[in-house]
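**Student:** would you be able to build a 3D model of this:
(chains A and B)
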Amino acid sequence: MEPVLLTRKISKYFYEPEKFQVLKEIDLTVNKGEFMCLMGKSGCGKSTLMYVLSTMDTDFDGELEIAGQSLTGRDQNFLSAFRNKHIGFIFQFHYLLPEFTALQNVMLPAQKLGKYSKEEIESRAIDKLRILGVSDQALKLSSKLSGGQQQRVAIARALINDPDIIMGDEPTGNLDSYNSNLVFDILHELTHTYRQTIIAVTHDEDFAKRSDRVVEMSDGRIVRGDSENA
Amino acid sequence: MTPVFEIAWTHLVSKPKQTIVAMLGVTFGIGMFIALVSLMTGLNQFTEDVTMTSSPDIHIYHDITEERTTILDEVNPAGINRVHHQKPKAETTKLRNALQMVSIIRNDPRVSGVAPTLSSQVFYNFGPVQLNGQILGVDILEEDKLFDIRSRLKSGRLEDLKSNPDGILVGTGLARKLNAVTGDRVVITTPQGYTMTLKILGTFQMGIGVVDNVRAYANISTVQTILQKDQTYITDINIKVHNRQQAKIIAPEFQAMFGYKAEDWETANATFLTGVTIRNIITWSVSVTLLIVAGFGIYNILTMTIYNKMKDIAILKAMGFAGKDVRMIFMIQSVVIGFAGGLMGLLIGYVLSWLISKAPFDGGDIVSLDHFPVNFDPKYYLIGIVFGVLTTAFAGFTPSRKAARVDPIEIIRGQ
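**Tutor:** Reported below is the predicted structural model:
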């Protein structure tokens, strides 16, 4: 098992309205190809942990390592480029850019990365859309798509740069049960067919049960599932 | 096309109304700037040209009205003297050794032309009526080098005057008042009572009434005859220098050297030239105000756009766009608005200037103008576009920086 993500004693404080330790010395290892769910009650710190892991929140103590690179104390420009290359995001409210077509939305992170020519990016984007079953929607404005379609386009966008980890914040939270199942199946297939690592925050018990590993948090600590393959 | 530019462009074209309104602000500002500057600098240029036709760069003459020390001061220099209402001495306005002065001045490398002149007040007899006027005795070819008389001739030739001892060239206004045309004869009388009949060999138009309505040119010897003076009688020396701006430095040198009053063109036309300064102040302050207003428009629209695009900015940052990329997205928008709006402004400014230049305008007797003078110097179009882009870039800077600093977590978690 090769670890993709490692944390060592990550702690974080909120100072508003008063000083409060939201994460308490979190040690966590996520292996390649793992589909991991972060669970817990509201306010247990699961979303906060996820944003620390996402490198967008840099205000924490401890160490974070993704794909063999230490990310503690790096500057914002480095982290932006790192996210672009190594991390894909899926959010609860899909967050596509409304003025762009589905295809353009998927292409944007790859254009930012600048590794391939525009033609190659386009064909790769269409491939990803096909995997997610929305290639027929490619040229529609993203604001014209249904919620389930939008979320699938968002997953295609998360995949476009072949990231080491996909992070999802309630990826099915805003979908009906049909679309919810569909998205879960897609994520499940990604981990099993393509060995894609996925970390998702959820409070959906069914969703969590069907994943490979559930990490449960309470009061800023991991209370279940912190050892490998628990 | 980079993704940053692509996003900026998509933002602009997906909200065309808003983009066009922002552009119109700049367009209006620059258009008015161009129209104003073209008219004002055109007027200034015209004023300066007219000024130059009526006054030489440096004018040397004997100023007999200049204050002199009183006899009392001369005999009693240490005392406290008071002389009430002293009058000028009965002096001649003749410049002594004028022709030697001319040859000295001609050798000065800064001087490009020298014309000795003498002038006299005369009355032009028009039947029983006597019209007040002035006759200038000149070497017409030298005078032409200074004032470009040839291009201002309405009829006749300069060479005719040179070879004709009793010929004159008269201003068009004067000719009209005398109801005379080329070939007619006019009788002139000097204040001293000397009368002479002169033949009109041509007419000229300088463009300002104070010259065209009173002045006539004759040969130096003719005027010397009218005044019954000898052949060395010269009252004025007109000088043209290579660099007009140096005139006020050179003039005092000549004054000290020759002991006669040497007046530069700026001093001679000080009142005329104040208008230029005032017009410049008005032009630039109005233009800057217009552009600042346009800048505020862009500032508002960008701030609104960024507020509406908070979610997009957050997701872009999550996807790996850095703060500087986000700043660039909005800076590109404001500069594109500024540049496109500015270009339209130049076009509108040009059309407005063209319309103004065709508008009829009667200068009356004072200046010979039938439409507004407008300057189409491309320099002002360049200033306009640079100014427009700078203003919008400046207006876009603060909102763009704010966008760059958006914290994505705050937006994403806030949902």
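**Student:** quick one, phi psi at whichever residue of chain B sits closest to chain A?
**Tutor:** Residue nearest to chain A within chain B: residue B:320 (2.3 Å; CB to the nearest CB). C-betas here are computed from N, CA, C, even on glycine. Dihedral pair for residue B:320: phi 110, psi 10, per degrees, to the nearest 10.
**Student:** for it, give me its contacts.
**Tutor:** Shown in contact with residue B:320 (CB atoms under 8 Å, 6 or more residues apart in numbering or on different chains): A:80-85, A:87, A:109, A:112-113.
**Student:** what's the answer for residue A:157, then?
**Tutor:** A:88, A:96, A:105-106, A:108-109, A:128, B:319.
**Student:** in strands, which of those fall?
**Tutor:** residue A:88 (DSSP state E).
**Student:** among the contacts of residue A:157, which one lies nearest to residue A:213?
**Tutor:** Distance to residue A:213, by CB to CB, is smallest for residue A:88 among the contacts of residue A:157, at 19.0 Å.
**Student:** who touches stretch A:184-192?
**Tutor:** In contact with stretch A:184-192 (CB under 8 Å, 6+ apart) are residues A:33-35, A:131-132, A:152, A:155, A:159, A:166, A:168, A:171-172, A:196-198, A:200, A:207, A:210-212.
**Student:** filter the contacts of residue B:320 down to the ones in strands?
**Tutor:** Per DSSP E, the contacts of residue B:320 map to strands at residue A:87.
**Student:** separate out the buried members of the contacts of residue B:320.
**Tutor:** Buried members of the contacts of residue B:320, counted by 16 or more other CB atoms under 10 Å in any protein chain shown: A:80-85, A:87, A:109, A:112-113.
**Student:** in helices, which of these appear?
**Tutor:** Among the buried ones among the contacts of residue B:320, DSSP state H puts A:80-85, A:109, A:112-113 in helices.
**Student:** ok, residue A:165 touching residue A:4?
**Tutor:** Yes: counting by CB atoms under 8 Å, residue A:4 is a contact partner of residue A:165 at 5.9 Å.
**Student:** overlap in contacts of those two?
**Tutor:** Shared contacts of residue A:165 and residue A:4, counting by CB under 8 Å, 6+ apart, come down to A:30, A:66, A:197.
**Student:** wait, which of these is closest to chain B?
**Tutor:** The closest of the shared contacts of residue A:165 and residue A:4, once distances to chain B are taken by CB to the nearest CB, is residue A:66, at 13.4 Å.
**Student:** quick one: residues contacting that closest one.
**Tutor:** Residue A:66 touches A:4-6, A:53, A:55, A:82, A:86-87, A:164-165, counting by CB under 8 Å, 6+ apart.
**Student:** ok now the longest helix anywhere in chain A, how far from the chain's centre?
**Tutor:** Counting residues, the longest helix found in chain A (DSSP H) is helix A:177-194. In terms of CA atoms, centre = their mean, to the nearest Å, the centre of helix A:177-194 is found 14 Å from the chain centre.
**Student:** let me know whether whichever helix or strand comes after it sits next to chain B.
**Tutor:** Remark: after helix A:177-194, the chain's next helix or strand is strand A:197-201, criterion DSSP states H and E. No: for strand A:197-201, no contact with chain B is found by CB under 8 Å from any CB of the partner chain; the gap never falls below 10.9 Å.
**Student:** burial count for residue 183?
**Tutor:** Just going to use chain A. 22 (other CB atoms under 10 Å in any protein chain shown).
**Student:** correction: the question concerned chain B.
**Tutor:** Residue B:183: 11 neighbours (other CB under 10 Å).
**Student:** what's the answer for residue B:360, then?
**Tutor:** Neighbours around residue B:360, by other CB under 10 Å: 8.
**Student:** which residues in the chain form strands?
**Tutor:** Looking at chain A here, since you left the chain open. With strands called from DSSP E, chain A shows them at A:3-14, A:20-31, A:35-40, A:61-66, A:69-70, A:87-90, A:165-169, A:197-201, A:213-218, A:221-224.
**Student:** could you do chain B instead?
**Tutor:** Under DSSP E, chain B gives strands at B:58-61, B:111-126, B:129-138, B:153-155, B:167-171, B:185-189, B:195-204, B:215-219, B:236-241, B:261-264.
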